[in-house]
Structure formats: C-alpha cells, structure tokens
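Engineer: let me see the structure of the following:
(one chain, ligands or ions: 1)
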Amino acid sequence: MNGPQPRKKGKKRKAESGEHSADAEDAPKQSAGISNILKRFRSTHRDPNELRGQDADLGQDAAAAPSGLELGDAELQNEEKIAEGADDAAPVRNTSEDAHETAGQLQHSSAQLPASQSRPDDVAADEAEEEDNDRGKHKAKQKQPKQASDAVLPWMRLPVSITAGQGVQLGDVGGLDPRLRDKMRADGFVELYPVQAAAWRITAGGHSRMHDVCISAPTGSGKTLAYALPIVQGLLGRRCVPQLRCLVVLPTRDLAAQVFKVFSGLCPAVGLRAGLAAAQASVAAEAADLFGNGQEPSPSGVYQLSEEVVAPVDILVATPGRLMAHLKGTPGATLQHLRYLVVDEADRLLRQAYQDWLPFVVAAGGAQQAQHGCRSGVLKFVASATLTRDPAKIDRLGLHCPRYLALEAADTRYALPRSLKEYKLVCTGADKPLCAIALLRQLSAEPTVVFTASVEATRRLYVLLSGVPDLAAKAVEFSSLNSTSERSAALTAFTTGEAKLLVASDAMTRGMDLPSVAAVVNYDAPVYPKTYVHRAGRTARAGRAGRVYTILRKEEVRHFKELLRKVNNTFVMDHKLTPQLLEAAQPACAHALEVLQAYLAAEGA
Ligand SMILES: Nc1ncnc2c1ncn2[C@@H]1O[C@H](COP(=O)(O)OP(=O)(O)OP(=O)(O)O)[C@@H](O)[C@H]1O
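Structural biologist: Prediction:
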C-alpha cells in the first residue's frame, strides 16, 4: 500500500483529561490497542456542545476569548496563505495547538486533544460569528419580539422570487449576443436557469445600472453564470480600449480558478480577455500578463502592443490578497475604469480579516458614481448560498438600489437544492469508524465527498481508509495539509473517476463545483447550519440528484436537530446500516485501525 506519509511533529502531545470518556465507556471489547487508537482518532473531532459553550463565552466577553478563537485566527491566516499561495504545503502551526499536540504515544491514549484544538479548514470562525449574531438577535427577539425583524434591510424583506421552472431557453433570451449563445450551446447549455434569467432581466442583459443585484440562491443553482453572462454581454460594444472593467473577488484560490474558467470560456467568443490574480503565478508574472506591464495607452487610446507587452485584461478574477498586491504595487493596475464588481461567497468575504480590500474597491465604485451623477457607475453583483442579512455587513458593500434575488420568502434562509435527499446515521463514538467504513463501502461505486471537522481529522480518516483494502485505491485527500498541486491532482483524480472518495476538510465546503458528486458524507457533523448547507451543496448541483449522510454520535443528535430547526429543515431521514454490513466491515476496520496506529506512531517518532 502506498500509504500516506506521516508528518513529523516537533513536540510530544500533552496528556489531558478525556472529554471523550463517554466514548470509552461505549467501546466494545476490542483489544486495548484498537480502543486506544479509536480514542486518539476521535480526539481531533470537535464537540459541537463544547463549541457552543465557547460561543456563549465569546458573546459575553470577547476580551476573554478562549483558545477556540485563537485557533480560528490561526486558521484564517492559514486560509489566507492558501488563497494567496504564500505557503503551499506547510500549515500554520498554532502555538497553543502545539502545546497540546500528542506525538502518537498510544500508551498515553487517555490523553485527549481538546476538541476545540483541532483546526477547522475554512468557515468555522465565519459561521461562529454569524451564529453569534443570530444568537444575539435571538436574545433580542426574546426581549423585543416586534423589533427583531427590523434588523433585516427593507429591500431584503421583499425579494425577487426565483422559483423553479422559470428558466428561459437560450433562443428566447432577449439581447443575448449570438456568439455567446452559440458558445453556450456548444458547451451543452440549452437554457438559462431561473436565477440566471432573473439576473439577466434585472440588469437588462448587463446594460442597466439601475439596481445592484444580491443573489441568495441554493448551492449549484448557477449563480456564477447569473453574473458572468450579463457582465460579458454588458462589456460588448463598449470596448474601444482594453481596460480593466470588471473585477470578480472570491475568497480562495481554488474558487477563483473555478470562476476564471467560466469567464475564460465565454470571453474568447466575443474578443474579451479574462485574467486570474490568485497566486497561480508570481506577482511579477501576473502583473505582466494582467496589466500590460503598466503601459499607458497613447492619447488616441491605442496601446503599442509588442510580443513583450500585452494589453490589460477586461475582466479580472482575484482573491483579495493578490488583488491588493496588484492595486498597491503593479503599475497600470487601476480600478478607475471599473464597470462591474462581483463579490462572490459574499458572507465569507465580508468577514473581518478580509476587509482592507473592500473599502478600497467600494471607494473606486463611489468615484465612478460621482462621475455618473445619481446612477451607479459600477454595477455590483453579490452572491452566496448563505448570504448574510446583517445590515451592518451589507452596508459595507455600498449597494445602489439593490434587488434581492432569493428562492422563496425572505425569512427562509439557506435553502437547499430540491433534488437533495438528506439522511442521518446515529452510532456510538466507538462505532463511528466502523459505520463510516460500512457506509463508504455502500457508496464507493459513486463519487462521494467525505467531510471531517479539521485538517488533522481529514488526514487521519484518509489514513484509516488507506487501510481498508477495497477503499484504499479509491480515496484521495483534500485539505490545506496538501500542496496546491496535490489538491489539484486529487480533484483531477476525483473528477476523472479514478478516485471515488474525496476525503476533505472544510476547504472544499464552499463553492467548489464537482458536478459528478453523487453523495456527501459528513463524517464529522457540521457545527453550524451554514456549514451543513455548503457541504451538502457539493452534491445535487444543477438539478441533479444527490444525497447527504451525516454520521452522528448519540450525544450530537440534539445539537444536529437544533441546527436543522434553525433552517426549518424537516427533511432528514434515518439511514440504517444492516448488522450484516457492519459485521462484514469489522475485519477491515480492525486492520485499518492498525494502519492508523502505525501512522500515528511513525508521526510521533
Ligand atoms: N444554464 C445552465 N445549464 C446547464 N448547466 C448549468 C447552467 N448554469 C450553470 N450550470 C452548471 O451548474 C453547476 C453549478 O453552477 P455554479 O457553480 O454556478 O453554482 P452556484 O450556484 O455558484 O453554487 P455554489 O453556491 O455551490 O457556489 C455548474 O456545473 C454549471 O456548469
């Protein structure tokens, strides 16, 4: 077996009293070694109840922030590094985490890494913030029920409803350039999805600047093309001089690359050029490619193009860090000609740490508005499947007469795709690896994404699966522990069908479009509703069928039900594994745990 290579640890893991002692009581009569590995394996999984306790603490006294917050910050730095390509392979090590790292000393298996010490890979801090807001609002609601709804901006209470079945055949899309229509048909598109038709209508095919557009539509509903198509159409016919006229901002490099692909599919058909600033290349190389080496057009508006010099791109897709690097340091990188701004995964981008880019970009839009009188100079698109409705956050976007596109009534937050089927699977903590193996064996013929709560848990589940003979060759790993090239190779293997199981941290949770995913498994239950929505949304995309399975330890069931209740989700059914299936998985599980034991021992050596 080409098993995963362990990471070397600098410090021994520190023994701590076991929050998972209940699991130990549940444990079947296996050998002491296997029982210990199970404890160790579970030790990286976060306990929702514990996190909830921390959130409450945070809400009361931010100054006395517990380690969960520090870790969120550390992870944020890591995420930003990944987004900007500063450090591909090495994850940020958090000192408090280091202090609690055990070094695979299984004889200290009673040592438990506190659940909150494992590092989430994407959204935890973001979701926690939103949850805190919700909780704050909930408290306010209890005190002053009538004022709570005032927290929602008036235009968000009156959404333009996107209902299923309101797609428009490409031939019936008024004002669509025939070259774009042909290109879309050649790519297999036959109609605009409802959200795309609505965005097209509101912006008059990208030509009207009367209303900025906020899109809160389910995962996989086609939000990317909902803004890409009007923008490309709107840029046609106005292009006398190549200039940066559209900026699309996304939170991570993988997502930026994905959206860039959509634009670069459309642009050549109509003679436009899209560029990517997401640390796929060095800043200097990007600068030369994207901004024409800082060359200014002649007074007649003509660039002297040579082999060495290229004109600026029309559309730039960027991550915030790389965007700011160019705006501050690249000659010719300017937003003064900006006509379109897209903030995709907006709730993620609006989070605190990203905000230095936003005032800068919004100010550019403000300058344009002054130029164009009362009309907006820059048409803004804001998109997310879980768009925040926090007025303070939305306010930062400086929207002009916005229209809110949402699936249903305004108070339905976080809608899931209609084609999604949801299941939960309850087991004891001790049985979780066994249940996961049995379930993944059931699903392994179909492309399945398996989510865990942290980068460490992702690695360990991946190692565990590498010890299951019939699953080993089918599994690949995707988290910030992997380099960009490793992540990219994992995605390729998964999309080509070479791999069937993508074991992922929450780095994969948002926006990633892998159309073939038949099922999502939450090996670790999500702590926040948004995380559940985005994870589940990796399947059932574009109207296809999909299933999400959430494995729950008994003590997690209550929190999971609470999570579902918050989003009015009453659709989760029970999934039962037959005793035969579980029995058949036992030898494989025992072997897999030994493989994990060897890995952990080597890791700590
Ligand atoms: N009009 C269309 N016809 C057919 N397929 C489409 C159409 N529009 C989009 N798709 C496909 O639907 C899938 C989902 O689209 P997209 O990634 O834009 O979803 P999304 O709403 O942004 O999802 P998420 O919230 O997860 O980011 C993509 O594979 C895309 O190619």
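
Engineer: which parts of the stretch 201-350 of the chain sit against the ligand?
Structural biologist: Within the stretch 201-350 of the chain, the positions near the ligand by C-beta under 6 Å from any ligand atom are 217, 219-225. Just so you know, the C-beta spots here come from the backbone N, C-alpha and C atoms, and that holds for glycine as well.

Engineer: columns pLDDT on top of these, output as JSON lines?
Structural biologist: As requested, those are exported to JSON lines (pLDDT from 0 to 100):
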{"residue": "Ala217", "pLDDT": "92"}
{"residue": "Thr219", "pLDDT": "95"}
{"residue": "Gly220", "pLDDT": "95"}
{"residue": "Ser221", "pLDDT": "94"}
{"residue": "Gly222", "pLDDT": "96"}
{"residue": "Lys223", "pLDDT": "97"}
{"residue": "Thr224", "pLDDT": "98"}
{"residue": "Leu225", "pLDDT": "98"}
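
Engineer: check these and tell me the two furthest apart.
Structural biologist: Greatest spacing in those, by C-beta to C-beta: Thr219 and Leu225 (14.3 Å).

Engineer: what about these two, which has more around it?
Structural biologist: Neighbours were counted for Thr219 and for Leu225 using other C-beta atoms under 10 Å; Thr219 has more, 28 against 20.

Engineer: wait, what's in contact with that one?
Structural biologist: 385, 416-417, 533-534, 536-538, 540-541 (C-beta atoms under 8 Å, 6 or more residues apart in numbering).

Engineer: the ligand next: which of those residues are close?
Structural biologist: 385, 537, 541.

Engineer: quick check on the residue nearest to the second one when sequence neighbours are not counted: phi, psi?
Structural biologist: Taking C-beta to C-beta, 6 or more residues apart in numbering, and ignoring the residues beside it in sequence, Gly537 has Thr219 as its nearest neighbour in space, at 2.4 Å. Main-chain dihedrals, Thr219, degrees, to the nearest 10: phi -60, psi 140.

Engineer: before we move on, what about Lys421?
Structural biologist: Residue torsions, per degrees, to the nearest 10, at Lys421 are phi -110, psi 140.

Engineer: so Gly429 touches Arg553, yeah?
Structural biologist: Yes - between Gly429 and Arg553 there is a contact under C-beta atoms under 8 Å: 4.7 Å.

Engineer: residue contacts, the closest residue to the ligand within the stretch 351-500 of the chain?
Structural biologist: Closest residue of the stretch 351-500 of the chain to the ligand, C-beta to the nearest ligand atom: Ala385 (3.9 Å). By C-beta under 8 Å, 6+ apart, Ala385 lies in contact with 216-219, 221, 223, 414, 533-534, 537.

Engineer: can you list the residues you listed in JSON lines and add secondary structure?
Structural biologist: Output for these, formatted as JSON lines (DSSP: H, G, I helix; E, B strand; the rest coil):
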{"residue": "Ser216", "secondary structure": "strand"}
{"residue": "Ala217", "secondary structure": "coil"}
{"residue": "Pro218", "secondary structure": "coil"}
{"residue": "Thr219", "secondary structure": "coil"}
{"residue": "Ser221", "secondary structure": "coil"}
{"residue": "Lys223", "secondary structure": "helix"}
{"residue": "Tyr414", "secondary structure": "coil"}
{"residue": "Val533", "secondary structure": "helix"}
{"residue": "His534", "secondary structure": "helix"}
{"residue": "Gly537", "secondary structure": "coil"}
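
Engineer: just give me the closest of these to Pro402.
Structural biologist: Ser216 (11.6 Å).

Engineer: which ones are touching the residue nearest to that closest one when sequence neighbours are not counted?
Structural biologist: Excluding the flanking residues, the one nearest Ser216 by C-beta to C-beta, 6+ apart is Leu387, at 3.8 Å. Contacts of Leu387 were listed using C-beta under 8 Å, 6+ apart, and they are 214-216, 346-347.

Engineer: if you set the cut-off to 6 Å instead, what comes out?
Structural biologist: With contacts defined as C-beta atoms under 6 Å, 6 or more residues apart in numbering, the neighbours of Leu387 are 216, 346-347.

Engineer: report the buried members of those.
Structural biologist: Among the contacts of Leu387, those buried by neighbour count (16 or more other C-beta atoms under 10 Å) are 216, 346-347.

Engineer: which of these scores worst on pLDDT?
Structural biologist: Across the buried ones among the contacts of Leu387, no position has a lower pLDDT than Asp347, which has 90.

Engineer: below-threshold pLDDT in the protein: ranges please.
Structural biologist: Within the chain, the set of residues satisfying pLDDT under 70 comprises 1-150, 164-165, 237-241, 293-310, 352-355, 365-376, 408-413, 605.

Engineer: what residues does the stretch 351-500 of the chain put near the ligand?
Structural biologist: For the stretch 351-500 of the chain, the contact set with the ligand under C-beta under 6 Å from any ligand atom comprises Ala385.

Engineer: what are the boundaries of the helices in the stretch 351-500 of the chain?
Structural biologist: Here the stretch 351-500 of the chain has its helices, by DSSP state H, counting those that start in this stretch, at 357-371, 391-395, 432-443, 455-466, 469-472, 484-496.

Engineer: which stretch among those is buried most, on average?
Structural biologist: helix 455-466 (a mean of 26; mean count of other C-beta atoms under 10 Å).

Engineer: which other helices and strands does it contact?
Structural biologist: strand 501-504, helix 579-604 (3 or more C-beta pairs under 6 Å, 6 or more residues apart in numbering; DSSP states H and E).

Engineer: cool, thanks, signing off.
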